[in-house]
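1. take a look and give me a structure for this.
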Amino acid sequence: MYVQILLSWFWVLKILQQMLLLVITCGIAKLLIWLIHWNLLAQYMCQIQSLLSLVYLLAQDTISELFRLMIEENMEPVNFSSQLLLRMKPLAAPW
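-> Numbering: from 1, shown residues only. Have a look, this model is predicted:
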């Protein structure tokens, strides 16, 4: 029983860690896009704006998918985390 509780909290913390990393990635991408938009970086950096936009959209899509699954699946943490790992769509490579 204690092992199951520890495993459930492990997966909850793992999911929260991934969410935090995605939020940080979204923030960095949004900041860089803002800097490029207002021409605060050198002109040659404008070519990477589309790539940063893609990174931002992928991270945002993953966060919204994560929250949708969390709301949709009203389960115990152990069952939820295993279902989440099985049902989350993988990120497509931009190339």
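
2. mind listing what's buried in the helix or strand containing E65?
-> Here E65, judged by DSSP states H and E, is contained in helix 49-72. Applying a neighbour-count criterion of 16 or more other CB atoms under 10 Å, one finds L52, V55, Y56, L58, A59, Q60, T62, I63, L66, L69 buried in helix 49-72. C-beta: built from backbone N, CA, C; applies to glycine.

3. so the fifth one makes contact with I24?
-> No: counting by CB atoms under 8 Å, I24 is not a contact partner of A59; they are 9.1 Å apart.

4. determine the set of other helices and strands touching the helix or strand V12 falls within.
-> Using DSSP H and E, V12 maps to helix 2-37. Under the contact criterion of 3 or more CB pairs under 8 Å, 6 or more residues apart in numbering; DSSP states H and E, helix 2-37 touches helix 49-72, helix 77-87.

5. any idea which of those scores lowest on pLDDT?
-> Lowest mean pLDDT of the helices and strands packed on helix 2-37: helix 77-87, a mean of 53.

6. angle of the helix holding V12 against helix 49-72?
-> Interaxial angle, helix 2-37 versus helix 49-72 (axes from the mean of the first three to the mean of the last three CA atoms, to 10 degrees): 150 degrees.

7. mind starting the numbering at 57 from now?
-> Yep, numbering from 57; the last one is helix 58-93 now.

8. pull out the buried positions in helix 58-93.
-> Buried residues in helix 58-93, defined by neighbour count with 16+ other CB under 10 Å: S64, W67, I71, L78, T81, C82, A85, L88, I89, I92.

9. reformat the residues you listed as a markdown table; add pLDDT.
-> Converted to a markdown table, those look like this (pLDDT from 0 to 100):
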| residue | pLDDT |
| --- | --- |
| S64 | 73 |
| W67 | 74 |
| I71 | 80 |
| L78 | 81 |
| T81 | 80 |
| C82 | 82 |
| A85 | 80 |
| L88 | 76 |
| I89 | 78 |
| I92 | 72 |
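
10. cool, thanks, talk later.
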